[in-house]
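Chemist: next come a sequence and a model predicted from it.
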Amino acid sequence: MTHTSLSFAAALERWLSHIDRLAPETVSLDESLGCILAADLSSDVDVSPFDNSAMDGFALHAEDIETASPVTPVDLKVVTCIAAGDYWEGNLQSGQAARIMTGAPVPAGANTVVKVEDTVDANNEQVARFIASSPRGLNIRLKGEEVKMGERVLTSGEYITPAAVGLLAATGYAQVPVYQKPTVAIISTGEELIPVSDTPTQGKIRNTNSHSLAAQVRAAGASARQYASIPDTLEDTIAAFKQAAAECDLIISSGGVSVGDFDFVEEAVQLLGDLHFSTVNMRPGKPQTTGMIGGVPFFGLPGNPASAYLGFELFVRPAILKMAGHTQLKRPVQTATLSHDIKKRPGLRYFMRGKVDSTSTVWATGNQSSALLGSLHEANCLLVLPEKDTHLKAGTTIKCVRLDIAEGVKL
Ligand code: AMP
Ligand code: MG
């Protein structure tokens, strides 16, 4: 089984079948952003807890100013001034007005609020002058308008947006039950790798993947743990994978997955755990090595930066989302018209970096070498070129995976 080359669809299905949602945990409200809620939550209060003014102005009886007009103004006696945070115990009588600020409780008896801009100066601090009527309920925000006491605010499985954080704050949730987000180990293999801060000497290159993969992990909402790059020996590979399995929820590696003399990833996974598959009929990134090490899912990405990036996007990102409790794991796919010819080998599914515009015209974004990231940086989609095709002509309708739109969004 291990050396059977799988179709992309079969590989993705098999990989995700080994991925489970992590257990729930409780986090502080401010840490809950971007998590998936793990319980139904209801409010302990009415929000707002009381009828309150939506404007700075005057609370009064609407009946008192029904006849008000610029030629027949109505004067009411101002009996109090209620600021946000105050509470006036009185009962507003007919003929009276209460000066009131935005957010202050509307006093008993009042049934409308006239904003200050709609009044005229009566040249008397104790009097408010009105030149138009005001409908009942105007500028009054009702108690329980957002949510009533005992009512559900958010449902288990919902994604916590910044607005949801605000709702949870208003309804008393200083702590929030959410599904844990995975901590992802990032292990780069390769004798040639040096830290970003160093300048390459003969034969050496900077470690690109550790950083682009960590960025992808964080963009998927998870935490990245970057390990020092490892030399190409079986012993070093085994030691690094063992340590990562003890410390993280998911392990990804880059490089060392092909058939070179110094590629030890597959062997290390076989020795430490179970290997699931090691090749996928796709380009870029035919060697994609997956398995389990000590109960922790493992994904060995290719070393070429663009292949590693795409392997992450297509396999690892949905796994991270699944672990974190998401149920929408697929980026939106749209159809678009190819603006140029493309030749390909049959039998492989190609994912080309491309750009789709507002007229649904799509083109490849430059050099598709698996070593180059520039054409990925330019891209907003992946052109999906089916296994069977060999020559796609300009004008062909193809599918594109939108990299710039979140999973589950309907186009
Ligand atoms: P490998 O899969 O280990 O044979 O690597 C394939 C190619 O990707 C080689 O040219 C490597 O030098 C390059 N490569 C591997 N790992 C990295 C990395 N972390 N950053 C940048 N390039 C890498
Ligand atoms: Mg290598």
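Modeler: Sure thing, it's come through. Residues are numbered from 1 along each chain as shown. Ligands and ions are numbered 1, 2, ... in the order given.
Chemist: identify the residue spatially nearest to the residue of the stretch 201-350 of the chain at minimum distance from ligand 2, adjacent ones excluded.
Modeler: Shortest the stretch 201-350 of the chain-to-ligand 2 distance, computed as CB to the ion: residue-wise this is Gly255, at 3.8 Å. Just so you know, the C-beta spots here come from the backbone N, C-alpha and C atoms, and that holds for glycine as well. Nearest non-adjacent residue to Gly255, counting by CB to CB, 6 or more residues apart in numbering: Gly303, 3.0 Å away.
Chemist: tell me where this protein has helices.
Modeler: Applying DSSP state H to the chain gives helices spanning 8-17, 162-170, 209-219, 234-247, 265-272, 305-311, 317-323, 374-377.
Chemist: among these, which comes closest to ligand 1?
Modeler: helix 209-219 (3.3 Å; CB to the nearest ligand atom).
Chemist: and the end-to-end length of stretch 246-261?
Modeler: 28 Å (CA to CA, to the nearest Å).
Chemist: could I get the pLDDT score of the residue of the stretch 201-350 of the chain closest to ligand 2?
Modeler: Among the per-residue scores, Gly255 holds a pLDDT of 97.
Chemist: measure how buried it is and give me the count.
Modeler: 28 (other CB atoms under 10 Å).
Chemist: what of the one 10 residues further on?
Modeler: Val265: 29 surrounding residues under other CB under 10 Å.
Chemist: likewise Lys343?
Modeler: Residue neighbour count, defined by other CB under 10 Å, stands at 8 for Lys343.
Chemist: what distance do you get for it to Lys393?
Modeler: Distance, Lys343 to Lys393, using CB to CB, to the nearest Å: 10 Å.
Chemist: next up, the contacts around the nearest residue to Gly144 once chain neighbours are set aside.
Modeler: Nearest non-adjacent residue to Gly144, counting by CB to CB, 6+ apart: Asp46, 3.8 Å away. By CB atoms under 8 Å, 6 or more residues apart in numbering, Asp46 lies in contact with Lys143, Gly144, Val147, Lys148, Met149.
Chemist: tell me, how many residues neighbour the nearest residue to Ala324 once chain neighbours are set aside?
Modeler: Once flanking residues are discounted, Ala324 sits nearest to Lys181: 4.6 Å by CB to CB, 6+ apart. Counted with other CB under 10 Å, the neighbours of Lys181 add up to 24.
Chemist: repeat that for Gln126.
Modeler: 9.
Chemist: now do the one 4 residues further on
Modeler: Number of residues near Phe130 (other CB under 10 Å) recorded here: 23.
Chemist: next one: Val316
Modeler: 26.
Chemist: and if you look at the one 5 residues further on?
Modeler: Neighbourhood size, Leu321 [other CB under 10 Å]: 25.
Chemist: what sits against it?
Modeler: Counting by CB under 8 Å, 6+ apart, Leu321 has contacts Ala220, Gly221, Gln328, Leu329, Glu407.
Chemist: wouldn't the last one be in contact with Lys330 here?
Modeler: Going back to what we said before, that points to Glu407. Yes. Glu407 is in contact with Lys330 according to CB atoms under 8 Å; the separation is 5.7 Å.
Chemist: of the two, which one has the most company?
Modeler: Glu407 (16 against 11).
Chemist: mind listing what the more buried one touches?
Modeler: Pro318, Leu321, His326, Gln328, Leu329, Lys330, Arg331, Pro332.
Chemist: up against ligand 2, what does this structure have?
Modeler: Proximity of the chain to ligand 2 (CB under 5 Å from the ion) is limited to residues Gly190, Gly255, Gly256, Gly303.
Chemist: filter those residues by proximity to ligand 1?
Modeler: Restricting those to those near ligand 1 by CB under 6 Å from any ligand atom leaves Gly190, Gly255, Gly256, Gly303.
Chemist: for the residue nearest to Gly255, grab the count of nearby residues.
Modeler: Neighbours of Gly303 using other CB under 10 Å come to 27.
Chemist: so it makes contact with Leu193?
Modeler: No. Counting by CB under 8 Å, Leu193 is not a contact partner of Gly303; they are 9.4 Å apart.
Chemist: and Ala245, what does it touch?
Modeler: For Ala245, the contacting residues are Ala185, Ile251, Leu272, Gly273, Ile293, Gly294, Gly295, Val296, Phe298, by CB under 8 Å, 6+ apart.
Chemist: can we see that at 6 Å?
Modeler: Ile293, Gly294, Val296 (CB atoms under 6 Å, 6 or more residues apart in numbering).
Chemist: who wins on neighbours among those?
Modeler: Neighbour counts for these, by other CB under 10 Å, peak at Ile293, which reaches 21 neighbours.
Chemist: ok, what's across the strand from it?
Modeler: Val296 (DSSP bridges).
Chemist: pretty sure it contacts Gln270?
Modeler: No. Counting by CB atoms under 6 Å, Ile293 does not reach Gln270; the two are 10.3 Å apart.
Chemist: which residue sits closest to Met55, ignoring its sequence neighbours?
Modeler: Distances taken as CB to CB, 6+ apart put Lys115 closest to Met55, at 4.0 Å, once the chain neighbours are dropped.
Chemist: how about low-confidence regions in this structure?
Modeler: Within the chain, the ranges that satisfy pLDDT under 70 run 1-3.
Chemist: rerun that using 80 as the cut-off
Modeler: 1-4 (pLDDT under 80).
Chemist: tell me the residues of it that contact ligand 1?
Modeler: Residues of the chain lying near ligand 1 (CB under 6 Å from any ligand atom): 188-190, 192-193, 205, 207-210, 254-258, 260, 302-305.
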